[in-house]
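Novice: Sequence plus the predicted model coming up.
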Amino acid sequence: MSQNKVVTRFAPSPTGFMHVGGVRTALYAWLWARKNNGQFILRIEDTDKVREVEGSIEHIQKSLKWLGLNWDQGPDIGGLHAPYIQSERLELYKKYTNILIEKGFAYSDPYTEEEIEKFRQEAEANKKPFLYREHRREDTLPWDGTKPLRFKVGELKRTVWNDVVWGDLSAGPEALDDFILIKSDGYPTYNFAHVIDDIEMGVTHVIRGQEFISSTPKFLSLYEALEVEPPFFVTAPPIMGADGKRKLGKRDGAKDILDYEKEGYLPAAMINFLAFLGFNPGGQKEIYHINELIEVFDLNKIQHSGAQWNDDKLDWMNKEYLKLLPLEKIEEEILKRLPKELQNKDLVPVIFERISKWGDIGDMVTTGELDLFFKAPEYEKNKLIFKNTTPEKIKNNLKLSINALMSLDENNFTKENIKNVLMLIADSLESRGELLHPVRFALSGKDQSPDPFTIASIIGKNETLHRLQKAI
């Protein structure tokens, strides 16, 4: 491939699900195009009408837009090589089929599906790989469009090629076969259409998954027949499930990319996380904003081994991005997700401390984690006991707390003042927990909760004294 302007593409099928692996492929293609001031193309490969799901094209576009992966050419904005939906490019594929027929590299498939299946079963019975070319007939009729059109593989040889990530690769003659170019329904196969589109659109770098390595000899034989230099192949590693044993699939918890938007992840965090699933620029730095990613992205630093999906790491990274938001934005996002009775600005830092994504707020509300701020808790009195402290001492400590808090004016009932008066008592005891534990539990009714100073400042003086009195 000559050193032309970099052109990359993302070419998904409209099957209704945007797997994170596909999105990462789009991200790598986008980063490489942006790094080189090139072109990033969105192309829709919809020739498999059986698997097509209505609304998928819009879903693909919405997914990329959420992440900020804008395209320079595509179905909605057009471009030099429009249209960008394969089912609208049939005349172009017909032009190339005629070229291949004239050059002696394509012929009409004379067999029925039943006959081909019989050949396949015979090969299986003989413990041999099925190769259609072993059944090729030379007396085929001219192709009239009613039968599949097959590629006629030329010289049977060892195919050698270079992959930017994997280096030099090769496959024996058994990887070459007479594959279908055009199906009997008139639509091209993936093996044919994507090569033609890449040629026509001047794609310089094909960034793809490992599943396409085994088919590369077929693609290269087609490039050779058309006397076109192939693009650079860049094979990204698979994204593995949390156990690291198999590719991330739906049964491993794989989600559509827009499910992460619904759960309240930030697009910048998702971009950063996906970029590092198979790529590492080196060093200890982990938070890279998009312009930094563009600057450091390098195809030669894409890794070979599978990248393990880790929800905990994603949550950590998302929280790091949440911390970078203005306080006003954090307050707005938290309050709008709370029911009316909990829309208290004082709750914002309490909630923010405990979430890694916006969706966690709804979970806190649903599980009742925030109930303690508007509803007096019910609990067993023995839960107030701290270690080996006697019930009488706990009761006395609660009384001391009440007296101390009563001394505070309603207008000065702040977290800092509450902490000051209670810690004066706690520090005089054998253990601070003798006072702080029963006070916290009396206010929250939970084994785990915010500190008692925070709770008291939010629920107010009267409610605080009421709950402590009830605990005695």
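Specialist: Good, I have the coordinates.

Novice: so how far is residue 77 from residue 61?
Specialist: 10 Å (Cβ to Cβ, to the nearest Å). Backbone N, C-alpha and C define where each C-beta goes, glycine included.

Novice: ok, now residue 153?
Specialist: In terms of Cβ to Cβ, residue 153 sits 38 Å off from residue 77.

Novice: okay, the two: which has more neighbours?
Specialist: residue 153 (24 against 12; other Cβ atoms under 10 Å).

Novice: which residues does the nearest residue to that one once chain neighbours are set aside contact?
Specialist: In space, residue 153 comes closest to residue 176 once its chain neighbours are excluded; the distance is 4.7 Å by Cβ to Cβ, 6 or more residues apart in numbering. Neighbour list for residue 176: 133, 153, 156, 157, 159, 217, 218, 221 [criterion: Cβ atoms under 8 Å, 6 or more residues apart in numbering].

Novice: I'd assumed residue 155 was in contact with the first one.
Specialist: No. Applying Cβ atoms under 8 Å as the test, residue 133 and residue 155 come out as separate, 11.9 Å apart.

Novice: ok, these two, which is more surrounded?
Specialist: Neighbour count, other Cβ under 10 Å: between residue 133 and residue 155, residue 133 has more, with 15 against 8.

Novice: does the more buried one sit in a helix, a strand or a coil?
Specialist: When classified by DSSP: H, G, I helix; E, B strand; the rest coil, residue 133 comes out as helix.

Novice: Nearest residue to it in space, please, no chain neighbours.
Specialist: Nearest to residue 133 is residue 178, by Cβ to Cβ, 6+ apart, at 4.6 Å.

Novice: ok, the one you found to residue 99 distance?
Specialist: In terms of Cβ to Cβ, residue 178 sits 17 Å off from residue 99.

Novice: Looking only at neighbour counts, state which of the two leads.
Specialist: residue 178 (20 against 14).

Novice: State whether that one is indeed within a helix.
Specialist: No. Under the criterion used here (three-state DSSP), residue 178 is coil, not part of a helix.

Novice: If you count contacts, what does the helix or strand of the chain with the lowest mean pLDDT end up packed against?
Specialist: One helix or strand of the chain scores below all others by mean pLDDT, DSSP states H and E: strand 307-308, with a mean of 92. When contacts are defined as 3 or more Cβ pairs under 8 Å, 6 or more residues apart in numbering; DSSP states H and E, strand 307-308 packs onto strand 239-240.

Novice: name the helices or strands packed onto the strand it packs on?
Specialist: helix 20-35, strand 307-308.

Novice: which residues in the stretch 1-150 of the chain form helices?
Specialist: For the stretch 1-150 of the chain, applying DSSP state H, counting those that start in this stretch gives helices covering 20-35, 56-67, 90-102, 113-125.

Novice: relative to helix 56-67, how tilted is the longest one?
Specialist: Put simply, helix 20-35 runs at 60 degrees to helix 56-67, going by axes from the mean of the first three to the mean of the last three Cα atoms, to 10 degrees.
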